[in-house]
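J.: Structure, please.
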Amino acid sequence: MLKKQFIFLKSGVSDSNPDIQNDTDEYLKDLDFESIDFDGMIFFIQSGGTEEIFIQKYKNYQPPYILIATDANNSLASSLEIASFLKSKNLEYYIYHGRADEVREDLILKHTHSIAFNYELKETNTILKGETLGVIGQPSNWLIASKVDYALAKKKLGVKLIDISFEEFLDTIENTRPTGFSRYSKLINKKISKEELKKAYQIYNALQKLIKKYNLNGLTVRCFDLLGTFHSTSCLALAILNSERITATCEGDVPAMLSMHILNKCFKKPSFQCNPSYLNSTQNFAYLAHCTLPLNMCKSVKLDTHFESGIGVGIVGEMSSSSVTILKLDARLNKFSVYSGKIIENLHRSNLCRSQIKVRFHEPIEQVLTSPCGNHLLLAYGDFASDLVSLLSI
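T.: Model (predicted):
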């Protein structure tokens, strides 16, 4: 019999954000963990950015690994990345997710989840033949289950992946004069000044230079490193590039970039790289959120700061009530997930990334927990899930 154990995982970003700590204190009070008669090893995932901390600790304990994910602060997205890592090592895990009362009930009832992937990816499929995608600065440290073999990507998808150092990116930014930003001057507000807009657009101009230099069809950026070096973010730059049919993802997430590029090239669809933030398996809906919504997917748009850091420029976009299709490739490029659903509401929660939607899924949403492919999903307008499956699956 395992002794009940509890490990609290928090990131450096959450240490500097009192709102995240307040959310956590209230959640743990409602969970009342000590009063639950439960045996096992539980990791409480406070927020995004805790994946690397989990890596440092998990080997000290035996599976199964119990992950508690809240409905705020990218806790669920972080848990899905951790779960994908554990899945890749054939280690048993369970995710308990939602409001404190929901998690408490699940722990008391000791609910478990079966673990199975959705679809197998074809061994050879050159749908991205001739395309070149850039990885700027390598994946973020917390993407512990999102490393891609470049040679395998070439073999299975026909795509060429190339590395571009973050130092070159930063040097390009510093030697680039921001131009063209006046087209968005009407979006300047109390939170986003003209100078902040210029810095965000300077990043966009620099990415344009790298796209031209390396003849890129798309890219992913290790964007959080910009917070300390340039004191801004790439959210606006990526939102604009995606509107211009240049695939662009954040956090150096290569599987997300490959998934987005399939939607872009094969279906001519821009897509929203989003974090699953809350899942309700009873009513089969999810909250999805991020700060980089492509501008041409917005029916209206405002600018705000980047959620986690409170600096830079993030996108607050309203989306249409529309059918949607969701795709994500596994980092090992042998599996992928496809879902369909409908946007039923735009949300405005203070503890999630800036663009937020509520999506009703057609398939059982529990699969997102039991068959994760990392912490990001790629969402596009339209119902073409069956076409995606036909294109990609064995």
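J.: mind listing what's buried in the helix or strand hosting Met257?
T.: Take DSSP states H and E as the rule and Met257 turns out to sit in helix 254-267. Buried residues in helix 254-267, defined by neighbour count with 16 or more other C-beta atoms under 10 Å: 254-265, 267. Glycine gets a C-beta too; all of them are placed from N, C-alpha and C.
J.: Output the contacting helices and strands for the strand ranked longest in the chain.
T.: Using DSSP state E, we find that the single longest strand of the chain is strand 335-346. Judged by 3 or more C-beta pairs under 8 Å, 6 or more residues apart in numbering; DSSP states H and E, strand 335-346 is in contact with strand 119-120, strand 323-329, strand 355-361, helix 366-370, helix 385-392.
J.: Pretty sure Leu288 sits against Gln273.
T.: No - checked against C-beta atoms under 8 Å, the pair Leu288 and Gln273 is beyond contact range at 9.9 Å.
J.: what residues do those two have in common as contacts?
T.: Shared contacts of Leu288 and Gln273, defined by C-beta atoms under 8 Å, 6 or more residues apart in numbering, are found at Leu377.
J.: quick one: contacts of stretch 167-174?
T.: 136-137, 202-203, 206, 209-210, 221, 229-230.
J.: For Ile108, state which of these is nearest.
T.: Ile108 lies nearest to Val221 out of the contacts of stretch 167-174, by C-beta to C-beta, at 43.1 Å.
J.: returning to what we had before: between the helices and strands packed on strand 335-346, which gets nearest to Ser277?
T.: strand 355-361 (7.7 Å).
J.: Direction included, what does the closest one pair against?
T.: Here strand 355-361 has these sheet partners by DSSP bridges: strand 285-290 (antiparallel), strand 335-346 (antiparallel).
J.: Of the ones you listed, give the one that comes closest to Ile326.
T.: strand 335-346 (4.2 Å).
J.: and the closest one, average pLDDT?
T.: Taken as a whole, strand 335-346 carries a mean pLDDT of 94.
J.: buried sites along that strand?
T.: 335-341, 343, 346.
J.: where's Glu51 relative to Ile45, distance?
T.: Plainly put, Glu51 is 9 Å away from Ile45 if you go by C-beta to C-beta, to the nearest Å.
J.: for this structure, longest helix please?
T.: helix 194-214 (DSSP state H).
J.: Contacts for it next, please.
T.: Contact with helix 194-214 is made by 132, 134, 136, 162, 164, 168-169, 172-173, 176-181, 184-185, 187-188, 216, 219, 221, 226, 230-237, 240-241, 246, 248, 303, 312-313, as judged by C-beta under 8 Å, 6+ apart.
J.: what's the helix or strand that that helix is followed by packed up against?
T.: Following helix 194-214 in sequence order, the next helix or strand is strand 218-221 (DSSP H and E). The contact analysis (3+ C-beta pairs under 8 Å, 6+ apart) places strand 218-221 against strand 132-136, helix 194-214, strand 247-250, helix 254-267.
J.: Which among the ones you listed is found nearest to Leu352?
T.: Closest to Leu352 of those is strand 247-250 (C-beta to C-beta; 15.6 Å).
J.: other SSEs contacting the closest one?
T.: Using 3+ C-beta pairs under 8 Å, 6+ apart: strand 247-250 touches strand 218-221, helix 235-243, helix 254-267.
J.: Pull out the buried positions in it.
T.: Taking 16+ other C-beta under 10 Å as the criterion, strand 247-250 shows 247-250 as buried.
J.: right, and Gly252 touches Gly137 too?
T.: Yes - using C-beta under 8 Å, Gly252 is in contact with Gly137, at 6.0 Å.
J.: Overlap in contacts, these two.
T.: Common contacts of Gly252 and Gly137 (C-beta under 8 Å, 6+ apart): 221-222.
J.: How much space separates Ala77 from Phe307?
T.: 12 Å.
J.: Stretch 87-96 spans what distance, first to last residue?
T.: 16 Å (C-alpha to C-alpha, to the nearest Å).
J.: Same check on stretch 30-42?
T.: Note: stretch 30-42 ends 17 Å apart using C-alpha to C-alpha.
J.: thinking again about what came up before, turn the helices and strands packed on strand 335-346 into JSON lines, columns for mean pLDDT.
T.: Shown next, in JSON lines, are the helices and strands packed on strand 335-346 (pLDDT from 0 to 100):
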{"stretch": "strand 119-120", "mean pLDDT": "89"}
{"stretch": "strand 323-329", "mean pLDDT": "95"}
{"stretch": "strand 355-361", "mean pLDDT": "95"}
{"stretch": "helix 366-370", "mean pLDDT": "84"}
{"stretch": "helix 385-392", "mean pLDDT": "91"}
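J.: Tell me which of those sits most buried.
T.: Comparing the helices and strands packed on strand 335-346 by mean neighbour count (mean count of other C-beta atoms under 10 Å), strand 323-329 ranks first with a mean of 25.
J.: All set now, cheers.
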